[in-house]
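*Asks:* return atomic coordinates for the entry below.
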Amino acid sequence: MQTSSIVPTAEAWGRYWPQIIVTIIAIIQLILSLIAVGLHSGIVYIEIAIFCASASSKHVMGYICWLFFTASWIATCCITCCNRSSICCATYALAQNVAAFIFSAVLIDYCRKFLVDGFDIGSSSSSSYCSYSSTTNYISQLNTLTSLDKSLLAIAVLILLSTLAFAGIYIYTFIRVCLSNRTNTNSRLYAEPMAPRFPPNPRPFNDVYQQNPAVYMNQPVLCAKCRQSAF
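*Replies:* Below is the predicted model:
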């Protein structure tokens, strides 16, 4: 008894994989990751160089998140360039997108805490080289810092949505390929004709068989054209 296999094949995967949509997602992730590292660098510069804040986990975590964002769009681009039919590469890209999803959520939490709690002025030192001596300059820089954090929060949300979109495409393609393999297997099982069963040593029709009558004794006569029993 034959069983239907639902393991995706490379040919079926390449047929159902939406190449254009995945390419767009890879380009979007590339642009968002570059914008994210630029915004985070601006935040680090204002907090450390201008407000003289001490380096914190937020400053380091922002760059760690950017590394995972970069790995995500590189893995996604590899599928669109040369490995469209590779299920392993698609699975690896899915793992990278899941990691980017986690770290984008971490970045969202850091930005949310800043917008809720505000900048901790107590973390700044009172060194003479700090450049926010005037109240006007301090308020202006603080407004800039808030705008950068809001922008970084929006970018992190977009990266999170892009990773969810890739995961949805992967799951959709996997289901389509499995259903297609199962349907094709069942179709082949029902489409296979039954092999005709002929008795061993059938007696030829209108042929001289008296030379060896023991071979064709008590055997039905078969027509040479239609291969059906004449009686």
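*Asks:* could you use CA atoms for every contact and neighbour count after this?
*Replies:* Will do.
*Asks:* what ranges does this protein have for its helices?
*Replies:* All helices of the chain, identified by DSSP state H, fall at 10-16, 19-44, 57-81, 87-117, 135-191.
*Asks:* and the fourth one, which residues are buried?
*Replies:* Burial within helix 87-117, assessed by neighbour count using 16 or more other CA atoms under 10 Å, is assigned to 87, 89-90, 93-94, 96-108, 110-111, 114-115.
*Asks:* quick check: domain ranges of this protein?
*Replies:* With automatic domain parsing serving as the domain definition, the record reports that the chain contains domains spanning 10-191, 197-231.
*Asks:* weakest of the ones you listed by average pLDDT?
*Replies:* Note on the domains of the chain: lowest mean pLDDT is at domain 197-231, with a mean of 52.
*Asks:* distance to I50 for the helices of the chain - can I get that in a markdown table?
*Replies:* Written out in a markdown table, the entries for the helices of the chain read as follows (distance: least, CA to CA, whole Å):
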| stretch | distance to I50 |
| --- | --- |
| helix 10-16 | 52 |
| helix 19-44 | 9 |
| helix 57-81 | 15 |
| helix 87-117 | 17 |
| helix 135-191 | 8 |
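*Asks:* compare those and give me the one nearest F51.
*Replies:* Nearest to F51 among those is helix 135-191; the distance by CA to CA comes to 8.4 Å.
*Asks:* report the angle between the closest one and helix 57-81.
*Replies:* The directions of helix 135-191 and helix 57-81 differ by 40 degrees, with axes from the mean of the first three to the mean of the last three CA atoms, to 10 degrees as the criterion.
*Asks:* ok, Y16 touching C178?
*Replies:* No - taking CA atoms under 8 Å as the definition, Y16 is not a contact partner of C178, at 10.8 Å.
*Asks:* common neighbours of those two, please.
*Replies:* Common neighbours of Y16 and C178, counting by CA atoms under 8 Å, 6 or more residues apart in numbering, are absent.
*Asks:* against L107, how distant is F101?
*Replies:* Note on F101: its distance to L107, by CA to CA, to the nearest Å, is 10 Å.
*Asks:* how about I139?
*Replies:* Summarising the geometry, the distance separating I139 from L107, computed by CA to CA, is 25 Å.
*Asks:* for the closest residue to L158 other than its chain neighbours, what are its contacts?
*Replies:* Spatial nearest neighbour of L158, chain neighbours left out: L32 (7.7 Å); criterion: CA to CA, 6 or more residues apart in numbering. Residues near L32 by CA under 8 Å, 6+ apart: I155, L158, I159.
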